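In: My questions concern the predicted model and sequence given below.
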Amino acid sequence: MSYKSSLPPDLPGARTGLAPDADALFAMAEAAFETMPDVFKPHLKGVVIAVEEFADDETLASLDIEHPYDLTGLYEGRPLTERSITASGGMPDRVTLYRIPILVEWIEGGERLDWLVRHVLIHEIGHHFGFSDDDMHALEDMA
């Protein structure tokens, strides 16, 4: 029986069987970000993408999440639907992907890692556009 990696072969760890590091997940997120439809791209300028191992305790507590494995991504910023032309000077919007929870979900779910990273990224970008979790789940169910 042979094992076929679900990682693109040019990413670190793809040929060795090692878990992808933060740089590899960031590369997948950047590739997914670049494939966003052109109509969305002007609204995504300035959105920062980051990869961290886990969410910190303060973040988990603020979201009422008990276990760090339960949070794969987070959008921080002001959604486009809540912006005003009079507001300025804020921090850039940020999407953080949490590497270890994403890897755990990848192992448990068996889908391609780059697809999972794309899914988490798009979900968090949905918050940037003002969608709630319920809105995004309904859209996913319709797709």
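Out: Received, thanks.
In: which residues of this structure fall in strands?
Out: Ranges of strands within the chain are 48-52, 73-76, 94-98, based on DSSP state E.
In: List the buried residues for the first one?
Out: Counting neighbours by 16 or more other CB atoms under 10 Å, one finds that the buried residues in strand 48-52 are 49, 51. Just so you know, the C-beta spots here come from the backbone N, C-alpha and C atoms, and that holds for glycine as well.
In: May I ask which helix or strand of the protein has the lowest mean pLDDT?
Out: Between all helices and strands in the chain, the lowest mean by mean pLDDT, DSSP states H and E belongs to helix 133-142, at a mean of 76.
In: Kindly reformat the strands of the chain as JSON lines and extend each row with distance to residue 24.
Out: Converted to JSON lines, those look like this (distance: least, CB to CB, whole Å):
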{"stretch": "strand 48-52", "distance to residue 24": "9"}
{"stretch": "strand 73-76", "distance to residue 24": "16"}
{"stretch": "strand 94-98", "distance to residue 24": "11"}
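In: right, and those - which one's nearest residue 130?
Out: Closest to residue 130 of these is strand 73-76 (CB to CB; 10.5 Å).
In: helices or strands next to that closest one in the packing?
Out: Strand 73-76 sits against strand 94-98, helix 113-128, with contacts defined as 3 or more CB pairs under 8 Å, 6 or more residues apart in numbering; DSSP states H and E.
In: show me the contacts for the residue sitting nearest the centre point of the chain.
Out: Computing the C-alpha centroid of the chain and ranking residues by CA atoms, centre = their mean puts residue 121 first, at 2.9 Å. Contact analysis of residue 121 by CB atoms under 8 Å, 6 or more residues apart in numbering lists 29, 32, 33, 49, 73, 95, 97.
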